[in-house]
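A.B. asks: Sequence and predicted model, in that order:
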Amino acid sequence: MKRDNYLSWDEYFMAVALLSAQRSKDPNTQVGACVANEQNKIVGVGYNGFPWGCSDDEFPWERQGEFLQTKYPYVCHAELNAVLNSISTDLKNCRIYVGLFPCNECTKVIIQAGIKEIIYLSDKYRDTDQVRAAKIMLDKSPYITYRKLETNLKQLQISFIPPELF
Ligand SMILES: O=c1[nH]c(=O)n([C@H]2C[C@H](O)[C@@H](COP(=O)(O)O)O2)cc1CO
Ligand SMILES: [Zn+2]
């Protein structure tokens, strides 16, 4: 008999997004994204971080202060990285799983790449103009929908200890 507590596709791809977020050096918000195609194959993953060659030791992770001294002008969002890291920039009919509802800039990238569905976990910035603008575009575009992940899962444990050592 097969196991019955296996992950659904939605849970699996969201878990990959959340695992990717663990790579983020952002001390405040770690975001991950995972793009899956119609065959349920992962075609791209990403997390928020500074561009290639821009050192985490030199660039600021500050949230407040002089704009150029904060992370905001420099950080690449998880969704942008997931699309850019994907095997193709044509992501027609793919879904993107994100830990956090995408901002307006990422939403443009997601729509233009041809992604047809956004599945998100947190909407903690729902009251910001960035997320409002994102939803205005998403509600207008007939090519894309969005939904919150539905799951009863609270946590997922990953152990690096081999089972025989338990
Ligand atoms: O959709 C997103 N994707 C994403 O990767 N981010 C990143 C940018 C920043 O590194 C961090 C947000 O920082 P903060 O919560 O401190 O403002 O998350 C932020 C958003 C905002 O919606
Ligand atoms: Zn964004």
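C.D. replies: That came in fine, so what should we check first? Numbers count the residues shown, from 1 in each chain. Ligands and ions are numbered 1, 2, ... in the order given.
A.B. asks: ranges for the strands of this protein?
C.D. replies: Applying DSSP state E to the chain gives strands spanning 32-36, 42-47, 95-100, 117-122, 145-148.
A.B. asks: and the shortest one, what does it pack onto?
C.D. replies: Same thing as strand 145-148. When contacts are defined as 3 or more Cβ pairs under 8 Å, 6 or more residues apart in numbering; DSSP states H and E, strand 145-148 sits against strand 117-122, helix 129-140. C-betas here are computed from N, CA, C, even on glycine.
A.B. asks: Take these and write them to a markdown table, including distance to N152, mean neighbour count and mean pLDDT.
C.D. replies: Listed next are the helices and strands packed on strand 145-148 as a markdown table, based on distance: least, Cβ to Cβ, whole Å; neighbours: other Cβ atoms under 10 Å; pLDDT from 0 to 100:
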| stretch | distance to N152 | mean neighbour count | mean pLDDT |
| --- | --- | --- | --- |
| strand 117-122 | 14 | 18 | 98 |
| helix 129-140 | 26 | 15 | 98 |
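A.B. asks: and ligand 2, which of the strands of the chain is closest to it?
C.D. replies: Among the strands of the chain, the nearest to ligand 2 by Cβ to the ion is strand 95-100 (8.5 Å).
A.B. asks: Can you tell me which helices and strands that closest one packs against?
C.D. replies: Strand 95-100 sits against helix 9-21, strand 32-36, helix 78-84, strand 117-122, with contacts defined as 3+ Cβ pairs under 8 Å, 6+ apart.
A.B. asks: is ligand 2 contacted by the second one?
C.D. replies: So that's strand 32-36. No: Strand 32-36 stays clear of ligand 2 (Cβ under 5 Å from the ion), getting no nearer than 9.4 Å.
A.B. asks: how about stretch 43-55 against ligand 1, any contact?
C.D. replies: Yes: counting by Cβ under 6 Å from any ligand atom, ligand 1 is contacted by stretch 43-55 at N48.
A.B. asks: confidence score at the residue minimising distance to the centre of the chain?
C.D. replies: The residue lying closest to the centre of the chain (Cα atoms, centre = their mean) is A33, at 2.3 Å. A33 carries a pLDDT value of 98.
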